[in-house]
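Peer 1: Starting from these lines, generate the structure:
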Amino acid sequence: MRAILQKRLPFLRWPRPTRELLTNELWAGITVGLLLVPQGVAYASVAGMPLITGIYASLLPALVAVLFSSSSRLGVGPTALSSLLIGASLAGLAPPGSAQWVTLAVWLSLLSGLFQILLGLGRFGWLLNLVSSPVMNGFTQAAAWLIVASQLPALVGASGDFSLLVQHPYVYGEALAYGVGAIALLMTAKRWYSRFPAAIAVVTLSALASRWTGYEARGGSVVGDLPAGLPSLSLPSMIDATTFASLLLPALVITLMSFLETASSARVDHQQAGTRWDENQDLLAQGLGKIASGLSGAFPTSASFSRSAINLYAGARTGYSTIFSVLLVFALLQWFIPVLHHVPQSVLAAVVLTAVFGLIRPSQLNALWRFSRAEACIGWLTFACTLATAPRIHWGVLTGLLLGLGHFLYQRLHPRIIEVGTHADGSLRDRHLWTLPPIAPGVLALRMDAALDFASASTFERAITDHLAAHPQVRHVCVFAQPMNWIDATGVEFFVQILKLLKTRGVALHLSGLKLPVDTTLRRAGVLVESEMLRTYRTDAEAVSALQALAVPPVAGANNPHSA
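Peer 2: Model (predicted):
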């Protein structure tokens, strides 16, 4: 019972608190907490939400997620990618920042949280593997550029969105100065003083400068008044069936992309700690965190890679650091809110831009071209589709997902099948690539680097039948089956068909190195019965020796087997 409770309630595995441990966790929590407030407010603007909801999303959701997560050092809260997905998903459904927009964002949080809980309980963490690295990179690169575009108007002091700025260029010099100055300070601190909470310092300094110079009075755009105090827990108002249906697909995409964000941080956490990652427990924890965010009137949260990295770099060893960061955010919510009133909107844009600059890495996709052009194309197509479908960017990641799965299926349907010959070093290699003679006259020796299943069976059968049609002198077919680690019902049917075909032509079948799962399945099906026409060998060397002894010279005047 204790083991079960510790598995379902991972916080029970945290070490007993000591003064030394809590002191260490306190400083790590303060470091992350000081970053949470400015980033939370800034990411709320990306999501089109009231700015205070970014702080709400940094309180209860972070606490709930860390209590139930197997990765106790993750920095959970608002993130740039999730915020962009929220803003893009709700575009056209309601005016940004309106009560209806907030209601829909809360529903997105509840739905994506419910999806993650169901996936965690059903142990579907393996679904994470459906999204390949090129697809994730392509989508992330495009999302980063879209975030940059969304923040440029605020950075230069213009109103409206990026398209309006392009149509009617406008720059308010003082706003641009605040924004560029903030970017310079944040980038310098990130480069030279990464442990210093630069974001909160820059926001505070900009607020003091803005108030002292009367920036708001001269028409500058500032954060303005924010409500103080804790959020009240409540369920959102009901929405009609059509609107609810329109939220399902975006909620699924947020579920997937949010968990991919979590995975990138969790893997680093567990690699450093030398522990095993329980992805299903983290799915459950992140889902509960999203539910808590929705009940707090906020938007979907996720694990931030940057804040998780800072937490690790600051020396956090347990989830106590998150508890301290939540307590700090709570304190700032009570006493720091009035300071935020005077912060220029361009400074918030600078906080967002500085965070997403690290996501813009086109070299990752370009590097793929050197060793996998198909996957490089998938990455760039995902990038292009995400930009082209904006603001409905979920179609970009879905397009990439389908392209990735299509590429995977194509490879499964077209496995690598080679005719092998004996190399000078004694190994079996591609006969045509290395210009090797056949293993023996009248022998076709094949190897397929794939399982024998519904995807590969017909291709393998075609390779054998086509070769036999072109080379009637062949009397022995040997399959070097070491790479085949699985066979399904379709594979068994193929095996029966190929046996019948070879028997009608008087050709014997030889099988070398059958693995136990394949051997067992064929014997249970009653088709692996050794005879003069069907022989098996334990090793490739044994098979080669037997074939060289059994093979007959080619029929006079027949096609030269070396031309195959």
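Peer 1: now the strands for the stretch 451-564 of the chain?
Peer 2: Assigned strands in the stretch 451-564 of the chain, in chain order: 476-480, 508-512, 534-537 (criterion: DSSP state E, counting those that start in this stretch).
Peer 1: Distance to residue 442 and mean pLDDT added to those, as TSV?
Peer 2: C-beta: built from backbone N, CA, C; applies to glycine. What follows is the strands of the stretch 451-564 of the chain, written out as TSV (distance: least, Cβ to Cβ, whole Å; pLDDT from 0 to 100):
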stretch	distance to residue 442	mean pLDDT
strand 476-480	6	96
strand 508-512	10	96
strand 534-537	15	96
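Peer 1: in the stretch 351-500 of the chain, which spans are helices?
Peer 2: Ranges of helices within the stretch 351-500 of the chain are 363-368, 373-388, 394-413, 457-470, 489-504, based on DSSP state H, counting those that start in this stretch.
Peer 1: what packs against the longest one?
Peer 2: Helices and strands in packing contact with helix 394-413 are listed as helix 80-90, helix 133-155, helix 241-273, helix 373-388; criterion 3 or more Cβ pairs under 8 Å, 6 or more residues apart in numbering; DSSP states H and E.
Peer 1: helix, strand or coil for the closest residue to residue 350 other than its chain neighbours?
Peer 2: Closest residue to residue 350 apart from its sequence neighbours, by Cβ to Cβ, 6 or more residues apart in numbering: residue 182 at 3.6 Å. Applying DSSP: H, G, I helix; E, B strand; the rest coil to residue 182 yields a three-state assignment of helix.
Peer 1: ok, residue 182 - contacts?
Peer 2: 202, 206, 346, 347, 350, 351, 354 (Cβ atoms under 8 Å, 6 or more residues apart in numbering).
Peer 1: Check the gap between it and residue 59 for me.
Peer 2: Counting by Cβ to Cβ, to the nearest Å, the separation of residue 182 from residue 59 is 25 Å.
Peer 1: Name the next helix or strand following the strand or helix carrying residue 177 along the chain.
Peer 2: Here residue 177, judged by DSSP states H and E, is contained in helix 173-192. For helix 173-192, the following helix or strand on the C-terminal side (DSSP H and E) is helix 198-213.
Peer 1: Take that following helix, keep the C-alpha atoms, and write them as CSV.
Peer 2: Included here for helix 198-213 are C-alpha records, laid out as CSV according to Å, rounded to 0.1, in the frame of the first residue of the first chain:
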residue,chain,number,x,y,z
ALA,A,198,16.9,40.0,-14.3
ALA,A,199,13.2,40.0,-15.5
ILE,A,200,11.8,41.2,-12.2
ALA,A,201,14.6,43.8,-11.9
VAL,A,202,14.0,45.1,-15.4
VAL,A,203,10.3,45.3,-14.9
THR,A,204,10.7,47.1,-11.6
LEU,A,205,13.2,49.6,-13.0
SER,A,206,11.0,50.3,-16.1
ALA,A,207,8.0,50.9,-13.8
LEU,A,208,10.0,53.4,-11.7
ALA,A,209,11.3,55.2,-14.8
SER,A,210,7.9,55.2,-16.4
ARG,A,211,6.3,56.7,-13.3
TRP,A,212,9.0,59.3,-12.8
THR,A,213,9.0,60.5,-16.4
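Peer 1: tell me the angle that helix makes with helix 173-192.
Peer 2: If you take axes from the mean of the first three to the mean of the last three Cα atoms, to 10 degrees, helix 198-213 sits at 150 degrees to helix 173-192.
Peer 1: Deepest in the core, which of the strands of the stretch 451-564 of the chain is it.
Peer 2: The highest mean neighbour count among the strands of the stretch 451-564 of the chain, using mean count of other Cβ atoms under 10 Å, belongs to strand 476-480: a mean of 23.
Peer 1: What angle do strand 508-512 and that one make with each other?
Peer 2: With the same axes, to 10 degrees as the basis, strand 476-480 and strand 508-512 are set at 20 degrees to each other.
Peer 1: Run through who's touching strand 476-480.
Peer 2: Strand 476-480 is contacted from outside by 420, 428, 439-440, 442-448, 464, 468, 502, 507-513, 540, 543, 547, 550-551, using Cβ under 8 Å, 6+ apart.
Peer 1: which phi and psi does the closest residue to residue 395 other than its chain neighbours have?
Peer 2: Closest residue in space to residue 395, ignoring its immediate chain neighbours: residue 389 at 4.2 Å, by Cβ to Cβ, 6+ apart. Backbone torsions of residue 389, given as degrees, to the nearest 10, read phi -90, psi 0.
Peer 1: And for residue 119?
Peer 2: The phi/psi pair for residue 119 (degrees, to the nearest 10) is phi -70, psi -40.
Peer 1: what's the farthest-apart pair in the contacts of residue 182?
Peer 2: Pairwise distances across the contacts of residue 182 peak at 13.3 Å for 206 and 354 (criterion: Cβ to Cβ).
Peer 1: and the residue nearest to residue 350, how far is that from residue 390?
Peer 2: Residue 182 is 26 Å from residue 390, by Cβ to Cβ.
Peer 1: now do residue 178
Peer 2: The spacing between residue 178 and residue 390, counted by Cβ to Cβ, is 27 Å.
Peer 1: When the two are compared, which one has more neighbours?
Peer 2: Set side by side, residue 178 and residue 390 show more neighbours around residue 178, with 27 against 20, by other Cβ atoms under 10 Å.
Peer 1: ok so, going back, between the helices and strands packed on helix 394-413, which has the poorest average model confidence?
Peer 2: Lowest mean pLDDT within the helices and strands packed on helix 394-413: helix 241-273, a mean of 89.
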